[in-house]
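**Q** sequence first, predicted coordinates after that:
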Amino acid sequence: MKITVLNARQMAEVFTMKDAIQADKDALKLYSEGKSNIPLRANLDIKKHNGQNLYMYGYAEDADALGVKIVSVYPGNIEKGLTSVPATMILVNCETGEVNCMMDGTHLTRVRTGAVAGAATDILSRKDSKVFALFGTGGQAESQLEAVLTVRPIELVKVFDINKERAKDFAEKTAQKFGAKFNVKIVSADSSEEAIKDADVITAVTTSNNPVFDGSLVKKGVHINGVGSYTPAMSEIDEKIIVNADKIYIDTGDAVKESGDLIKPMQKGIFSADKITGELGAVLAGKIPGRTSDNEMTFFKTTGSAVLDLVTARRIYEKAAAAQTGSVIEM
């Protein structure tokens, strides 16, 4: 049995953000059409070492994608000089059941998570969107920025973080990386109000338990991506957005069960799940409408799904095989 091993650098060399956005669109469409088998992720507590192991697995037949992403959450790793959330993606040959690829799951997660918000922005935001507000500067932020720049002619990006120095550093670093490539100006904002002023697209990718901006101040026609909240306690999006959005879309039904962005307004009785327009994949499948007016406020909530990992990983593997990159080990 031969197994291809891919690190983050090799993955980035063969797979662009544009590739990732298309992979995520295809994955969500397959999911919404019922053409994937994605069980609930398994979660094991490793109490002795204050850790958790999560197994996100599934099968998407039409994409020839079968496998599992192993994600660990070990806060104490920081003290050891290790990443606190290591991840590995394992692909399995659909025909033989043999493992055929192992790749950097942390890089995969960053790429597919940025890409799914990019896909939503491409499908739901106004085509003439020029101003982008980004909340959060953590490990997921750069891919979120690149994804939106890939699908819209953004001219100005305003970055906000509760740590202003971190926001400034992030803006300077990404301006060097993306400024010339996308002909865009990237700056840090001193306040959340400054960040969302005139913003056509807003993405929040934080771990906040409270809203990171005032939903009453957004402009008409804005599109908003809620990316960071993935537990009932976390709610980075103002409930005014949830209540007043003209259309609300989710990646999968798990978003309603996992994200405080939706759960908290439901618990207060000011929002109900039947007000959700539907899954983004259903828009791609032509089952439900997307944006129909430049004045609509649209909101997209993602908590992530193994179907995104599977299809994206399979596409990366195919690209790497064509480019003959990666290491090969024999078992």
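**A** Perfect, I can see it now. Residues are numbered from 1 along each chain as shown.
**Q** number of nearby residues for residue 257?
**A** 13 (other Cβ atoms under 10 Å). To be clear about C-beta, it is placed using only N, CA and C from the backbone, and glycine gets the same treatment.
**Q** same check, this time on the one 5 residues further on
**A** The tally of other residues near residue 262 (other Cβ under 10 Å) stands at 29.
**Q** now the most centrally placed residue in the chain, what's its secondary structure?
**A** Taking Cα atoms, centre = their mean, the centroid of the chain lies closest to residue 113, which sits 2.2 Å from it. Secondary structure for residue 113, judged by DSSP: H, G, I helix; E, B strand; the rest coil, is helix.
**Q** my read: it touches residue 227, true?
**A** Yes - Residue 113 is in contact with residue 227 according to Cβ atoms under 8 Å; the separation is 6.6 Å.
**Q** now do the contacts for residue 309.
**A** Residue 309 makes contact with 56, 67, 69, 89, 105, 108, 109, 112, according to Cβ atoms under 8 Å, 6 or more residues apart in numbering.
**Q** secondary structure element holding the fourth one?
**A** With elements taken from DSSP states H and E, the one containing residue 89 is strand 87-92.
**Q** now swap in the first one and tell me
**A** Here residue 56, judged by DSSP H and E, is contained in strand 51-60.
**Q** one more: the third one?
**A** Element membership of residue 69 [criterion: DSSP H and E] is strand 65-73.
**Q** residues in contact with the strand holding residue 89?
**A** Residues contacting strand 87-92 (Cβ under 8 Å, 6+ apart): 65-72, 98-106, 108-109, 309, 313-314, 317.
**Q** which of these are buried?
**A** 65-72, 99-106, 108-109, 309, 313-314, 317 (16 or more other Cβ atoms under 10 Å).
**Q** before we move on, back to that, now do the strand holding residue 56: distance to the chain's middle.
**A** Put simply, strand 51-60 sits 17 Å off its chain's centre (Cα atoms, centre = their mean, to the nearest Å).
**Q** list the helices and strands that strand packs on?
**A** helix 17-32, strand 42-46, strand 65-73, helix 306-323 (3 or more Cβ pairs under 8 Å, 6 or more residues apart in numbering; DSSP states H and E).
**Q** what is the mean pLDDT for the longest one?
**A** Helix 306-323 comes out with an average pLDDT of 97.
**Q** could you give the angle of it to strand 51-60?
**A** 70 degrees (axes from the mean of the first three to the mean of the last three Cα atoms, to 10 degrees).
**Q** which other helices and strands contact the next helix-or-strand element following helix 306-323?
**A** Next along the chain after helix 306-323, taking DSSP H and E as the criterion, comes strand 327-330. Secondary-structure packing of strand 327-330 (3+ Cβ pairs under 8 Å, 6+ apart): strand 2-6.
**Q** quick check: buried residues in the helix or strand just after the strand it packs on?
**A** Downstream of strand 2-6, the first helix or strand assigned by DSSP H and E is helix 8-14. Judged by neighbour count (16+ other Cβ under 10 Å), helix 8-14 contains these buried residues: 10, 11, 14.
**Q** wait, what's in contact with the second one?
**A** Contact partners of residue 11, counting by Cβ under 8 Å, 6+ apart, are 103, 104, 107, 108, 111, 316, 320.
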